[in-house]
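In: here is a sequence with its predicted model. Questions after.
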Amino acid sequence: QVQMVESGGGLVQAGGSLRLSCTASGPSFSNYNMGWFRQAPGKARDFVAAIVRTGDTTYYADSVKGRFTISRDNAKNTVHLQMNMLKPEDTAVYFCAASSFVQIATARGAYAYWGQGTQVTVSS
């Protein structure tokens, strides 16, 4: 079982940047595909980005493509989400999650392990 803790959230003006980090503990971090999801108040938890075990394949939601970049460092058991050109509609709690599925996945049900989330607020 892997446990994750997110960090790096905060308040930023529109057009600014933030870098979220997710540090995992437990065995075999490199055995999991990793994803980022977000949940705005009153809305469902939506897929943002995912990266495969080796880090050589990534996938993004259309709403963040070209602005966000997901990366991982298996030696440090971390996954990052670099967020640039932030918009007010990016405001949400951001969660990292781990999936043991073979293929990269965008559905919440594919991810068995979740962090507690970190708040990102983008002001206009």
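Out: Sure thing, it's come through.
In: Arg19: neighbour count?
Out: As a burial measure, Arg19 scores 14 neighbours (other C-beta atoms under 10 Å). To be clear about C-beta, it is placed using only N, CA and C from the backbone, and glycine gets the same treatment.
In: quick check on it: phi, psi?
Out: phi -120, psi 110 (degrees, to the nearest 10).
In: ok, it touching Met83?
Out: Yes: the criterion here is C-beta atoms under 8 Å, and Arg19 meets it with Met83 at 7.1 Å.
In: tally of neighbours for the residue nearest to Asn33 when sequence neighbours are not counted?
Out: For Asn33, ignoring the flanking residues on the chain, the nearest one in space by C-beta to C-beta, 6 or more residues apart in numbering is Ser99 at 4.5 Å. For Ser99, the neighbour count with other C-beta under 10 Å is 22.
In: going forward, count from 99.
Out: Will do, 99 is the new start, and the previous item becomes Ser197.
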